[in-house]
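Q: Okay, here's the prediction I keep looking at, along with the sequence it came from:
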Amino acid sequence: MIVTRIREALQIEAAQARVVDVRIGLGYTAVRIDSESAGVAYTPREDLTHGCSVLHAAGSLAGRPATELLCLLESGRPLERTIGLATANAIVAARQPGAGLGGDILRVLALRPTDRVGMVGCFEPLIAPLQAQVASLTIFERSGDRAAGVQPAERALDLLPTCSVALITSTALITEGLDAFLEAAAECREVALLGPSTPLLPEVFADTPVTWLSGIRIEDSAKALRVVSEGGGTRDFSPHVQKVNLRLPGRGEDASTRSTDRHQDQAGRIVRDAVARESSRRPTIGGKGTP
C-alpha cells in the first residue's frame with residue numbers, strides 16, 4: 001500500500017524528529033516538528049465519530065517522537081491517518097527543497113483537446129479551465145450532497161480506465177481509496193495527485209501511474225497553523241505556503257516521447273532496409289563487383 005511506502009520512506013528521518021505542535025482544525029490538520037517545518041492533511045469531518053471527543057489521545061500528541069505519529073498513517077481510523085499524513089508532510093518539508101515548478105497544476109500539465117479527464121475529488125477552481133481545454137471532464141465525489149452530473153467516487157474505478165488524464169485528490173490516502181484509483185488509472189497518459197495533503201515523495205510513486213505530485217510547502221508554519229486552528233482552508237493559508245509541482249521522471253510526456261522515438265526508429269529501419277534491397281537489385285556498371 002502507498003501509505004506503507006510513505007512510512008518506510010520517512011522512518012529514518014522521523015526517528016530524528018519530535019512533534020512540537022498538532023492542530024486539528026475543521027478543514028485541515030497540521031503537525032509541526034522540532035525543525036520548525038510543518039505539514040497539513042485534510043480533516044475528514046464526514047468520518048469523525050459523534051460526541052464531544054473525537055480523538056482519545058488528545059492532549060498527549062505534542063512532545064511525542066515523530067515516528068509514533070507517522071505510524072498512524074496505517075491506522076484504521078480516518079482522523080489518525082490524517083495526523084499520520086500531516087506528520088509525513090512535515091518531515092518532507094524538513095528536507096532541503098528539491099526541484100519543482102510553482103503555480104497551479106494546469107500551468108504545467110500537458111493537456112490535449114482530445115483528452116478525457118477524470119477528476120476524483122471536486123477541485124472547483126479547475127473545473128471551468130478544464131472544460132475549456134479538453135473534450136470531456138467527469139467528476140467523482142464522495143460527498144452525499146453531490147451536484148448534478150457529479151458521479152459517486154466508486155464509479156471512478158469503472159470510468160478512469162476510459163480517461164486519458166486522471167486528477168486525483170490526495171485525501172484518498174486518508175479515505176483508503178488511492179491504491180484502487182491508481183490501479184484504475186494505470187493506462188492514463190497523465191495522473192496527478194492534487195491538494196495540500198499531497199506527500200512530495202517521488203520515490204514512493206516511482207512504479208505507479210503517477211506523473212505529477214502537486215502539493216504545497218509551508219513557508220510560515222506559525223501563521224499556517226493558526227489558520228488551521230481557526231477553521232481555515234486552502235485559500236486561507238495560501239499566503240503562507242508555496243505551491244509545488246513535481247514531475248516524476250520517465251512518465252507522461254516523456255514516455256510519449258520515447259514511444260514516438262521508437263516508432264521513428266522503426267520507420268527509419270524500414271526505409272533503410274528498403275533502400276538496401278533496391279540497391280542490391282540494381283545492375284552493376286563496369287563489371288562484376290564494381291560499384
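A: Nice, I can see it. Numbering: from 1, shown residues only.
Q: list the buried ones in stretch 230-241?
A: 232, 233, 234, 236, 237, 240, 241 (16 or more other CB atoms under 10 Å). In this view, the C-beta of every residue, glycine as well, is placed from N, C-alpha and C.
Q: Tabulate those (a markdown table), appending distance to residue 96 and pLDDT.
A: Formatted as a markdown table, the buried residues of stretch 230-241 follow (distance: CB to CB, whole Å; pLDDT from 0 to 100):
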| residue | distance to residue 96 | pLDDT |
| --- | --- | --- |
| 232 | 28 | 96 |
| 233 | 28 | 95 |
| 234 | 25 | 95 |
| 236 | 28 | 97 |
| 237 | 23 | 96 |
| 240 | 20 | 97 |
| 241 | 17 | 97 |
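Q: Out of those, which sit inside strands?
A: residue 241 (DSSP state E).
Q: ok, of the buried residues of stretch 230-241, which one's closest to residue 113?
A: residue 234 (28.9 Å; CB to CB).
Q: Does residue 3 touch residue 75 like I think?
A: No. In this structure, residue 3 is not within contact of residue 75 by CB atoms under 8 Å, at 9.3 Å.
Q: out of those two, which sits in the busier spot?
A: residue 3 (22 against 14; other CB atoms under 10 Å).
Q: Contact partners for the more buried one?
A: 73, 74, 81, 84, 85, 173 (CB atoms under 8 Å, 6 or more residues apart in numbering).
Q: now those residues: which count as buried?
A: 73, 81, 84, 85, 173.
Q: how about the helices of the stretch 51-200 of the chain, start to end?
A: Here the stretch 51-200 of the chain has its helices, by DSSP state H, counting those that start in this stretch, at 66-70, 78-93, 124-133, 156-159, 178-184.
Q: Just want the most central residue of the protein.
A: Centroid-nearest residue in the chain, with CA atoms, centre = their mean: residue 193, separated by 2.1 Å.
Q: Residue 209 is in contact with that one, correct?
A: No. Taking contacts as CB under 8 Å, residue 193 lies outside contact range of residue 209: 10.5 Å.
Q: how about residue 41, phi and psi?
A: Here is the backbone geometry of residue 41 (degrees, to the nearest 10): phi -150, psi 150.
Q: got the contact list for it?
A: 28, 29, 82, 83, 85, 86, 89, 171, 173, 174, 196, 197.
Q: Closest one to residue 57 out of those, please.
A: residue 83 (8.8 Å).
Q: Name all residues that make contact with the closest residue to the closest one other than its chain neighbours.
A: Nearest residue to residue 83, sequence neighbours excluded (CB to CB, 6 or more residues apart in numbering): residue 72, at 5.1 Å. Residue 72 is in contact with 80, 81, 83, 84, 87, counting by CB under 8 Å, 6+ apart.
Q: go with 7 Å
A: Taking CB atoms under 7 Å, 6 or more residues apart in numbering as the criterion, residue 72 is in contact with 80, 81, 83, 84.
Q: Now the two most distant members of those.
A: 81 and 83 (7.4 Å).
Q: Out of the buried residues of stretch 230-241, flag the one nearest to residue 106.
A: residue 234 (15.6 Å).
Q: roughly how far apart are that closest one and residue 66?
A: 24 Å (CB to CB, to the nearest Å).
Q: List just the nearest of the contacts of residue 3 to residue 220.
A: Closest to residue 220, out of all of the contacts of residue 3 and judged by CB to CB, is residue 85, at 20.6 Å.
Q: Grab the nearest non-local neighbour of residue 101.
A: residue 245 (4.5 Å).
Q: quick check, that neighbour in a strand?
A: Yes. Assessed by DSSP: H, G, I helix; E, B strand; the rest coil, residue 245 belongs to a strand.
Q: Which pLDDT value does the model give it?
A: Residue 245 carries a pLDDT score of 97 in this model.
Q: same deal with the one 3 residues further on?
A: Here the pLDDT value assigned to residue 248 is 94.
Q: and it, what is it in contact with?
A: 202, 205, 210, 211, 212.
Q: Just those residues: which are in strands?
A: Secondary structure assignment by DSSP E places residue 212 of the contacts of residue 248 in strands.
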